[in-house]
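A.B. asks: Sequence below, structure please.
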Amino acid sequence: MKKNKSKILLAVDMGNTAVTAGIFRGRTLVEDRISADIKNFRKELARLLKTVNGAKAGAVYVSSVVPCRDILLAGILRKATGLNPHFIKLKDAGIPVLCDRPFEVGTDRILNAVAAHRLSTREAIVVDCGTATTFDAVSRKGEYLGGAITAGIGISSEALWTRCAKLRRRFSLKTPGRILGRNTVDAMRSGIINGHTSMIEGMVARLKKELRSDPVVIGTGGYISLVARSTKIFDIIDPDLTLKGIWLVWQKKQVKS
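C.D. replies: Predicted structure coming up:
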């Protein structure tokens, strides 16, 4: 049976810390997604592409918030797939961005808004726990209303061991069993994870008050699993939200062409 190449999309999200990629057949993210730093992405991408059972991607769509690496990433993708990757721009998303300077909003945040609107008919707050932790509000009509940005869990923990003399040792980030740490590492884990979670809960409460509604709260990003264990604030957890936003933009292009 002949495979329809146009139905296979390689979706790529280049963030500040890692490059994430996944393969869609039709509307389904069917292969395990990969996430690696730019140095190791080439090898991980080759492994991912081998899992497509001999088929080839019909399109490569990219969300990038690191413009200085776009040329490098484009070269890696072109060599691996034989296709010219399409780097998504604000106009591709096709949603109103109700901000003073729309072009400053990260592509990933816009794509999260696109995907959030598909997930729910209610207003939505998207909390993306990545290098930065971002909060983005989406109206019932799918309009991007604005948001907030703060330092993420990773860089917050790095600040502790680089700026505090007695805390200069690295440790694994995991959800602590209790709030009161009985040693320095557990105290740091509690402060970082529980403190960050409390900040998220507080910000969501403030956003709900400002929106004057009861929006669906969606969690995504590389650190979302750590945060989600410590709170019930999220209605939906979707680590692949940005990739799904990429697919929706690509699908829209398919319909138009």
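A.B. asks: What is the neighbour count of R189?
C.D. replies: 21 (other CB atoms under 10 Å). C-betas here are computed from N, CA, C, even on glycine.
A.B. asks: And for the strand or helix carrying it, what's in contact with it?
C.D. replies: In this assignment (DSSP states H and E), R189 forms part of helix 184-189. The contact list for helix 184-189 (CB atoms under 8 Å, 6 or more residues apart in numbering) reads 157, 160, 166-167, 171, 173-176, 178, 181.
A.B. asks: Out of these, give me the one that has the most neighbours.
C.D. replies: Busiest of those [other CB under 10 Å] is S157, holding 21 neighbours.
A.B. asks: so that residue touches S190, yeah?
C.D. replies: No. S157 is beyond contact range of S190, at 11.9 Å (criterion: CB atoms under 8 Å).
A.B. asks: who's in contact with stretch 37-57?
C.D. replies: 3, 5, 8-10, 14, 17-19, 21-23, 31-36, 69, 72-73, 76-77, 80-83.
A.B. asks: CA atoms only: put it into PDB for me.
C.D. replies: Extracted C-alpha coordinates of stretch 37-57, given in PDB (Å, rounded to 0.1, in the frame of the first residue of the first chain):
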ATOM      1  CA  ASP A  37      20.000  20.100  23.100                       C
ATOM      2  CA  ILE A  38      21.100  21.400  19.700                       C
ATOM      3  CA  LYS A  39      24.400  19.500  19.800                       C
ATOM      4  CA  ASN A  40      22.700  16.200  20.200                       C
ATOM      5  CA  PHE A  41      19.600  16.900  18.100                       C
ATOM      6  CA  ARG A  42      21.000  15.600  14.900                       C
ATOM      7  CA  LYS A  43      21.600  12.100  16.300                       C
ATOM      8  CA  GLU A  44      18.200  12.000  18.100                       C
ATOM      9  CA  LEU A  45      16.400  13.200  15.000                       C
ATOM     10  CA  ALA A  46      18.000  10.400  12.900                       C
ATOM     11  CA  ARG A  47      16.700   7.900  15.500                       C
ATOM     12  CA  LEU A  48      13.200   9.400  15.400                       C
ATOM     13  CA  LEU A  49      13.000   9.300  11.600                       C
ATOM     14  CA  LYS A  50      14.000   5.600  11.600                       C
ATOM     15  CA  THR A  51      10.800   4.800  13.500                       C
ATOM     16  CA  VAL A  52       8.500   6.000  10.600                       C
ATOM     17  CA  ASN A  53       8.600   2.500   9.000                       C
ATOM     18  CA  GLY A  54      10.300   3.600   5.800                       C
ATOM     19  CA  ALA A  55       8.000   6.600   5.100                       C
ATOM     20  CA  LYS A  56       9.300  10.100   4.800                       C
ATOM     21  CA  ALA A  57       8.000  13.400   6.100                       C
END
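A.B. asks: quick one: buried residues of that stretch?
C.D. replies: Judged by neighbour count using 16 or more other CB atoms under 10 Å, the buried positions of stretch 37-57 are 41-42, 44-45, 48-49, 52, 57.
A.B. asks: Same question for stretch 231-248.
C.D. replies: So, applying 16+ other CB under 10 Å, buried residues of stretch 231-248: 231, 233-235, 238-248.
A.B. asks: quick one: which of those residues is nearest to G202?
C.D. replies: I233 (9.8 Å; CB to CB).
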